[in-house]
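Q: model this:
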Amino acid sequence: MNSDTRTDARTTTAVATLTVRYFAAARAAAGTTSETVEVPAGTSVDELAETLAARHGAELAKVLPRCSYLVDEVAVRDRTLGLTHGATVDVLPPFAGG
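A: Presented below is the predicted three-dimensional model:
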């Protein structure tokens, strides 16, 4: 199964628990090297970026649009990609040098 299902008296919600790892300027802006994030199952990479910006503030919000993303070590070309439970998302800002 690709997601946890959380049930209460009112709703049933599929939740994806993700590991987010930050590198370089993204790590500095987030103030952490990694974190666990719960989002609705199927959340896109762009939606995750919005969640992370809201969680960590303006500094990370400035960095995220310039970042590249890996999901389970595969480069993301389509940022509307839906994320699944247990995925690892790497946030990679542009690196200087050759």
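
Q: can you list the buried residues in the longest strand anywhere in the chain?
A: Longest strand in the chain, counting residues (DSSP state E): strand 12-22. Of all the residues in strand 12-22, those buried under the rule 16 or more other C-beta atoms under 10 Å are 16, 18, 20-22. In this view, the C-beta of every residue, glycine as well, is placed from N, C-alpha and C.

Q: now stretch 30-47
A: Buried residues in stretch 30-47, counted by 16+ other C-beta under 10 Å: 30, 34, 37, 39, 41, 43-47.

Q: so which of those belong to strands?
A: Residues of the buried residues of stretch 30-47 located in strands (DSSP E): 34, 37, 39.

Q: low-confidence ranges, the protein, go.
A: 1-13, 96-98 (pLDDT under 70).

Q: how about a cut-off of 80?
A: The chain contains residues with pLDDT under 80 at 1-13, 95-98.

Q: what sits against the one residue sitting closest to the centre of it?
A: Taking C-alpha atoms, centre = their mean, the centroid of the chain lies closest to Leu48, which sits 4.4 Å from it. By C-beta atoms under 8 Å, 6 or more residues apart in numbering, Leu48 lies in contact with 18, 20, 37, 39, 83, 89.
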